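>>> no FASTA, just this:
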Ligand code: FAD
């Protein structure tokens, strides 16, 4: 039994928690970070990084299949999951080692164990009491299921999907949001048949409708099946696989069912309620400066309602450390946070969709322009189609950008600058884009909205 005191105690060492700790020690605070599993959290060990490694193997597989188109002789003999796993885990291990070294070098005290908030200034870890003048809750999220749908056997979440050591012949995926479509993309490229079930009318339903429609066309072309606007009813499993029944009576047989219906906050049983923190359906409620109603206690990342993204958690962690230091950091709203879906094709967006912009500012106050990647030289060279859509307020700034096509995730930085700086198309249209790059597509859209199109009609 011991007692230790710090300026800041961070509960959870994922993207949000470790970002808070790194920034806080930079600002001169003593910091304890309590982690029950591995520093790096979901993103490093079970999310962003391992999934993107799987997607990169998928892209290589697709290139191998299509190499003749580019004049390269090769044969595609299938996927070696043992080698894919070694490659994926090698990346995770190396990033993990780097992060552990960084945390140690910066002088953060890492405490291994499951923490429970016992008062506004204390966290209990086993027999030890850790005291902090300020406490930052960053306990992350878990894969949700639906009522009556039990995870187990052939019904899996993204965690088990990442660990598979074989390529299934056929997979059913419940949920056509970001995690569902990323796994669909991987498995299709690895040679599986894939069928997605989405209750809303579109795949990637949180994106601009024009992007969702293009995405559906691309998936259809790839031979990925999907049922839209229909709810899951039940699943039965046996030794061979699963039979999924939808509310319209349709059945889908598959080897596995991946449940990708969203992520719930990890907050239950951690003392948050007992200490009097305001909660809503398991999420921690904060003000816009990420303070809970209990003085001195902050919450960040996936446990705070809104976008569940690693870079939002990083930003919120840095924000809270600076807030505690009295630096009065700038609040970043979810609308100003970029989103990328890493599939084939990729989707990247920021700000208002065209529909939301029209709802907010009035249909006659908003103009958008959708530049087809068909007009972009680099997109032609790498064999992709898609588009870049820019939404502006008439005689006003750019308030949304929505892109689809191979590698468009790499274009989000420029889109983000335009939206976050509330740039007018007229101001940024004169910027020169290197030729040939996919960034030129953004330039073409800005030029069009500024009334002086170059290649666009
Ligand atoms: P987490 O990273 O979940 O960290 C919380 C940490 O708290 C964990 O390490 C946990 O062990 C620890 N913890 C919980 N309770 C306790 C306790 N009582 N005591 C001690 N420790 C505790 N986001 C992106 O931006 N880009 C992507 O490409 C992307 N891909 C994803 C793919 C998948 C399959 C998944 C599942 C997620 C993906 N995400 C992606 C989302 C991203 O991983 C999360 O938004 C991010 O990890 C949230 O950070 P966090 O710090 O809030 O929580």
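Great, that's in hand. Source: prediction; values computed, not measured.
>>> The ligand contacts on the chain?
Neighbours of the ligand within the chain, by Cβ under 6 Å from any ligand atom: 11-17, 34-37, 41-43, 46-48, 51, 114-115, 138-141, 158, 179, 266, 270, 301-302, 308-311, 313, 342. Quick note: C-beta positions are derived from backbone N, CA and C, even for glycine.
>>> Take those and keep only those in helices.
Mapping the residues of the chain next to the ligand onto helices (DSSP state H) picks out 15-17, 41-43, 46, 48, 51, 158, 179, 310-311, 313.
>>> what's the domain layout of the protein?
The record's domain split for the chain, according to the TED database, is 3-143+264-334, 155-261, 345-450.
>>> Start and end of the longest one, how far apart?
By that I understand domain 3-143+264-334. Domain 3-143+264-334 has an end-to-end distance of 38 Å (Cα to Cα, to the nearest Å).
>>> same check, this time on the last one
When the termini of domain 345-450 are compared using Cα to Cα, they are 28 Å apart.
>>> do the same with stretch 266-286
The first and final residues of stretch 266-286 sit 16 Å from each other (Cα to Cα).
>>> Next up, the contacts around residue 240.
residue 255 (Cβ atoms under 8 Å, 6 or more residues apart in numbering).
>>> Tell me the spacing between the spatially most central residue of the chain and residue 206.
Closest to where the C-alpha atoms of the chain average out (Cα atoms, centre = their mean) is residue 309, at 4.4 Å. Taking Cβ to Cβ, to the nearest Å as the criterion, residue 309 is separated from residue 206 by 12 Å.
>>> overlap in contacts of the two?
residue 339.
>>> give the contact list for the closest residue to the ligand within the stretch 251-400 of the chain.
Closest contact between the stretch 251-400 of the chain and the ligand, by Cβ to the nearest ligand atom, is at residue 301 (2.2 Å). Counting by Cβ under 8 Å, 6+ apart, residue 301 touches 12, 14-17, 138, 140, 308, 312-313, 316-317.
>>> With residue 146 instead?
174, 232, 259, 261 are the contacts of residue 146 under Cβ under 8 Å, 6+ apart.
>>> from the residues of the chain next to the ligand, which would you call buried?
Buried members of these, scored by 16 or more other Cβ atoms under 10 Å, are 11-17, 34-35, 41-43, 46-48, 51, 115, 138-141, 158, 179, 266, 270, 301-302, 308-311, 313, 342.
>>> Span of stretch 353-373 from start to end?
19 Å.
>>> Equivalent analysis for stretch 371-389, please.
From its first residue to its last, stretch 371-389 covers 6 Å (Cα to Cα).
>>> Now do stretch 400-414, average pLDDT.
Computed over stretch 400-414, the mean pLDDT rounds to 98.
>>> Quick check: end-to-end length of stretch 397-411?
Terminal residues of stretch 397-411 lie 19 Å apart, using Cα to Cα.
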